[in-house]
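Engineer: I'd like to go over a predicted model; first the sequence, then the structure.
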Amino acid sequence: MSFVSLRFLIFFAVVLAAYMVVPDRHKGKLLLLASLFFYACSGAGSLLFLLATSLAVYGAGIWLMRIRERHGLSGAGSPSAKGGDAAKGGIASSNGGNAPSRGGIAAYRKEARVALAAGVGFCLLLWWHCKYMGKILSLLSPRAGESLDWAFFVPLGISYYTLSCIGYLADVYWRKGDAEENYGRFLLAMIYFPQIVEGPIARYGRLLPQLSSLRRPGLGDLCGGLQLMLWGYFKKLVVADRIAIYTGDVLGNPLECGGLSVLIALLFSPFQLYADFSGCMDIAYGMSQIFGIRLDDNFLHPFFSRSVPEFWRRWHVTLGAWFKDYVYFPVATSPRILSASRRIKERRGAAVQRAFSVAAPLFCVWVLTGAWHGTGLDYIVWGLYYWALISGSAIFAGWFKSAAERLGIDTGAPWWRIVQMARTYLVFAGGLLLVNAGGIGRVPRVIMGIFSPFAPMEQSLFGHGLGKAGFFLAVLCVPLLLIVDKAQESGSIRERIAALPLPLRWAVYYAGILAVLVFGVYGVGYDPASFVYEAY
Amino acid sequence: MRERVLEILGEALPQIDFESSDALVDDGILDSLSIVTLVSELSMEYGVVFDMAELVPENLNSIDAIVETVRKLQEA
């Protein structure tokens, strides 16, 4: 059930009405039933996979807790519920924990590793089966692949809940959080319908306490949530789906469209993806605000980033934070990597050792990040692209600083900040090209398309499905999104609108609703384009 | 030990003033790359292994907390 479908709006209206009247102590059960219904609409097979995963992970969590109790390590409590943790430098906090001996820890780890491996292994096995097995089988035997294609489908949200489940078990194993004893509450955290579609990637340690204290929303949360949902629908239906018409048409046939069209499509692509993904997030946040749940931020105005590392702290924040906490830190601080670092330092010196310490764990992060996004070689190349850029920016930070000084660049000057933001944007657009070309082999074709003769201006701008009005509307939406993002950096826009005089306030609300109704891309025989990140 | 730890970290992370704050992680002064560099340098110097459970803000927010963490890891 897509968030932008009429069926979903009716579903949400019914759930909201019920949420307002059901007693607070039963709101969790209502959300669970609603989420199960929502999820079941994506297919019985998907629901079966999710329920199997939930039972395995719930069981593994309880198993880990019993092991911790036997070793006197049960007192970690829940990880910090600080809202911004996912975006900060960023390790989950612990509410006191014991100070066990090394011997005690070693004995605990030996036993707990089995439970951890069982739970994580089950999650990864299902994820691997859904994402990769069908493709592998088709490559090995196309006929077998065809006859068994019913067995290979991608359950809704599997990439998201798999990461959340692995993180949950890791937190219990590392004594950064306790396992949830109530299966219903755990299942709700996994299947909570506003976030199951495209995230944000939940940290169950932050979500579970909120699911235990649901209450009827006040007028402020109800209105604020609905306004945020409206903004999300605007971004998706007016901006993202409109730009997608142009980029889809051009990038599908780059050599036939003329260089200017290809260039515009490549420059438009980041905004299309941002509007699509962040639009879905705003809808999810809005719904959650109404239910009294605060989900982790997933976007922090990424197009104002001045470097690639900064960009990935502001774009898909929960994914970056997950890989940082559950891949980067464990790999970087593992005895194997540390002893390799030591050997490198002895043989090659400190500079090489520091480069290795940076690049080696980042390699793991970015290859896995690429694999999470997609099964093709193009996603691995995409991951390596960012690995090279981010490692390079850390390793050569001193050189870049010296170069800027030698060139007399005032790195605090406004013009330099704009150059950095433009540079970061182009780097991101380049990365998108790797995965939007329809296969890594087609990337040269798209690049060649930029250098093909320009078609007449009218054709280049208005000849790819948008027409003149549609094209100009798409172009105008780009600075609009940037202005709103910039304004949000200095405080809540919804609160500022709420402080306006009544007629002006309602003029803004009605303008928003009309904009979505009139300018939303519905089209003849409207079939809403799926949210891009729903495919993961 | 405090002086030696400051010397090691000052050489590895010259851009960070470890005595400027008691909230090095919470305030984002120590980012993830810096934390890994810190762990790597202190592990090599003192032969200690940081458990993931020890990589929490409380243990890294100030130079005194870092020194205390290293001391506890040596004693364990």
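Structural biologist: Perfect, thanks for sending it. None of these values were measured; they are calculated from a predicted model.

Engineer: these two touch, right, residue A:261 and residue A:460?
Structural biologist: Yes. In this structure residue A:261 lies within contact range of residue A:460 using CB atoms under 8 Å: 4.7 Å. C-beta here means a position set from N, CA and C on the backbone, and glycine is covered the same way.

Engineer: Pick out whichever of those two has more residues nearby.
Structural biologist: Ranked by neighbour count (other CB atoms under 10 Å in any protein chain shown), residue A:261 and residue A:460 place residue A:261 first, with 27 against 20.

Engineer: show me the residues around that one that make contact.
Structural biologist: Going by CB atoms under 8 Å, 6 or more residues apart in numbering or on different chains, residue A:261 touches A:250, A:455, A:459, A:460, A:461, A:463, A:464.

Engineer: at 7 Å what do you get?
Structural biologist: For residue A:261, the contact set (CB atoms under 7 Å, 6 or more residues apart in numbering or on different chains) comprises A:250, A:455, A:460, A:464.

Engineer: What strand or helix carries the third one?
Structural biologist: Counting by DSSP states H and E, the element that carries residue A:460 is helix A:457-462.

Engineer: What residues of the helix or strand residue A:424 falls within count as buried?
Structural biologist: In this structure, residue A:424 sits in helix A:414-436 according to DSSP H and E. Using 16 or more other CB atoms under 10 Å in any protein chain shown as the test for burial, helix A:414-436 gives A:420-421, A:424-425, A:427-436.

Engineer: which residues in chain B form helices?
Structural biologist: Secondary structure of chain B, counting by DSSP state H: helices at B:2-12, B:32-46, B:57-60, B:63-75.

Engineer: buried set for stretch A:379-386?
Structural biologist: A:379, A:380, A:382, A:383, A:385, A:386.

Engineer: Among these, name the ones in strands.
Structural biologist: Judged by DSSP state E, strands contain none of these.

Engineer: In space, what's closest to the residue sitting nearest the centre point of chain A - neighbours in sequence excluded?
Structural biologist: Nearest to the mean C-alpha position of chain A, counting by CA atoms, centre = their mean, stands residue A:316 at 4.0 Å. If you skip the residues right next to it in sequence, residue A:316 has residue A:298 as its closest partner in space, 6.1 Å away by CB to CB, 6 or more residues apart in numbering or on different chains.

Engineer: which stretches of the stretch 51-200 of chain A have low pLDDT?
Structural biologist: Counting by pLDDT under 70, the ranges of the stretch 51-200 of chain A that qualify are A:75-102, A:141-152.

Engineer: before we move on, back to that, remind me what the helix holding residue A:424 packs against, helices and strands.
Structural biologist: Packed against helix A:414-436 by the contact rule (3 or more CB pairs under 7 Å, 6 or more residues apart in numbering or on different chains; DSSP states H and E) you find helix A:259-291, helix A:308-314, helix A:377-395, helix A:443-450.

Engineer: returning to what we had before: test my guess that the residue nearest to residue A:316 contacts residue A:318.
Structural biologist: Yes. Counting by CB atoms under 7 Å, residue A:298 touches residue A:318, with 5.4 Å between them.

Engineer: so how far is residue A:323 from the residue nearest to the centre of chain A?
Structural biologist: 10 Å (CB to CB, to the nearest Å).

Engineer: cool, residue A:371 as well?
Structural biologist: 11 Å.

Engineer: So between these two, which is more surrounded?
Structural biologist: residue A:323 (21 against 15).

Engineer: Check what pLDDT that one gets.
Structural biologist: On the pLDDT scale, residue A:323 is placed at 96.

Engineer: Please apply the same query to residue B:2.
Structural biologist: 88.

Engineer: check contacts around it.
Structural biologist: B:63, B:67.

Engineer: Repeat that for the one 3 residues further on.
Structural biologist: Contact analysis of residue B:5 by CB under 7 Å, 6+ apart lists B:63, B:66, B:67, B:70.

Engineer: For the first one, which non-adjacent residue is spatially closest?
Structural biologist: So the one you mean is residue B:63. residue B:18 (4.4 Å).

Engineer: Quick one: list the elements packing against the helix or strand hosting residue A:366.
Structural biologist: Residue A:366 belongs to helix A:350-373 when elements are defined using DSSP H and E. Counting contacts by 3+ CB pairs under 7 Å, 6+ apart, helix A:350-373 packs against helix A:317-323, helix A:329-332, helix A:335-348, helix A:377-395, helix B:32-46.

Engineer: what distance separates the longest one from the centre of its chain?
Structural biologist: Averaged C-alpha coordinates place helix A:377-395 at 18 Å from its chain's average position (CA atoms, centre = their mean, to the nearest Å).

Engineer: mind listing what the nearest residue to residue A:255 once chain neighbours are set aside touches?
Structural biologist: Sequence neighbours aside, residue A:449 is the residue nearest to residue A:255 in space, at 5.2 Å (criterion: CB to CB, 6+ apart). The neighbourhood of residue A:449, defined by CB under 7 Å, 6+ apart, consists of A:254, A:255, A:257, A:259, A:262.

Engineer: Need the residues you listed in TSV (columns: neighbour count and pLDDT).
Structural biologist: What follows is the contacts of residue A:449, written out as TSV (neighbours: other CB atoms under 10 Å in any protein chain shown; pLDDT from 0 to 100):
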residue	neighbour count	pLDDT
A:254	23	79
A:255	13	76
A:257	23	79
A:259	18	83
A:262	28	88
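
Engineer: before we move on, back to that, of the helices and strands packed on helix A:350-373, which stretch is the most buried?
Structural biologist: helix A:317-323 (a mean of 24; mean count of other CB atoms under 10 Å in any protein chain shown).

Engineer: how far does that one sit from the chain's center?
Structural biologist: Chain-centre distance of helix A:317-323: 8 Å, with CA atoms, centre = their mean.

Engineer: same question, stretch A:170-180
Structural biologist: The chain centroid and the centroid of stretch A:170-180 are separated by 23 Å under CA atoms, centre = their mean.

Engineer: can you check stretch A:434-448 too?
Structural biologist: Distance, centroid of stretch A:434-448 to centroid of chain: 24 Å (CA atoms, centre = their mean).
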